[in-house]
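# Pasting the sequence and the predicted model now:
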Amino acid sequence: MAKIISSPAAPAAIGPYSQAVVTGGLVFTSGQIGLVPQTGELAGDTLTAQAEQAMKNLGAVLAEAGSSYEKAVKTTCYLADMADFAAFNEVYAKYFVGKPARSCFAVKDLPKGALCEVEVVAEL
């Protein structure tokens, strides 16, 4: 049976979904954008500021599930503008040092006008 994960150290879900679900020895996170949990506002207007906050949010959800960045096996990353790819990679590389498999897409829009969103599948 799947276990729903909710961390107070990450923004609450803004829709009918969970921050993460644990099943089969894996944690599947929902996408995290750069929202500051205490305010519900974006961490800044730059890709770097938002990506740093998104990573902190993911770290909190992973920890609540009993996992970590080191146990990540797959990430999916969404960028509002592929021109931000290099700046995003600089932030991403500080957190996902184990180099999990990854997909990265440019998308038309992200929630709240965010510049990036990241989701992860990790082992427990």
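Happy to help now that I have it.
# Let me see the mean pLDDT of whichever helix or strand residue 49 is part of.
If you go by DSSP states H and E, residue 49 is part of helix 47-65. Across helix 47-65, the average pLDDT comes to 98.
# same check, this time on stretch 80-96
For stretch 80-96, mean pLDDT rounds to 98.
# which residues sit against that stretch?
With C-beta atoms under 8 Å, 6 or more residues apart in numbering as the test, stretch 80-96 has contacts from 47-48, 51-52, 55, 58-59, 69, 72, 75, 77, 79, 102, 104, 106-107, 109-110, 114-116, 118. Yep, even glycine has a C-beta here, placed from its N, CA and C like the rest.
# try it again with 6 Å
47-48, 51-52, 55, 69, 72, 106, 110, 115-116 (C-beta atoms under 6 Å, 6 or more residues apart in numbering).
# Quick one, which of those residues are buried?
Buried members of those, counted by 16 or more other C-beta atoms under 10 Å: 47-48, 51-52, 55, 69, 72, 110, 115-116.
# Out of those, the closest to residue 27 would be?
For those, the residue nearest residue 27 by C-beta to C-beta is residue 72; the value is 9.4 Å.
# and the closest one, what does it touch?
Residue 72 makes contact with 96, 100, 120, 122, according to C-beta under 6 Å, 6+ apart.
# one more time with 8 Å, if that's ok
62, 96, 98, 100, 120-122.
# quick revisit: go through the buried ones among the contacts of stretch 80-96 and name the one nearest residue 21.
Closest approach to residue 21 among the buried ones among the contacts of stretch 80-96 (C-beta to C-beta): residue 72, at 15.5 Å.
# quick one: the closest one from residue 114, how far?
Residue 72 sits 21 Å away from residue 114, taking C-beta to C-beta, to the nearest Å as the criterion.
# and if you look at residue 93?
According to C-beta to C-beta, residue 93 and residue 114 sit 20 Å apart.
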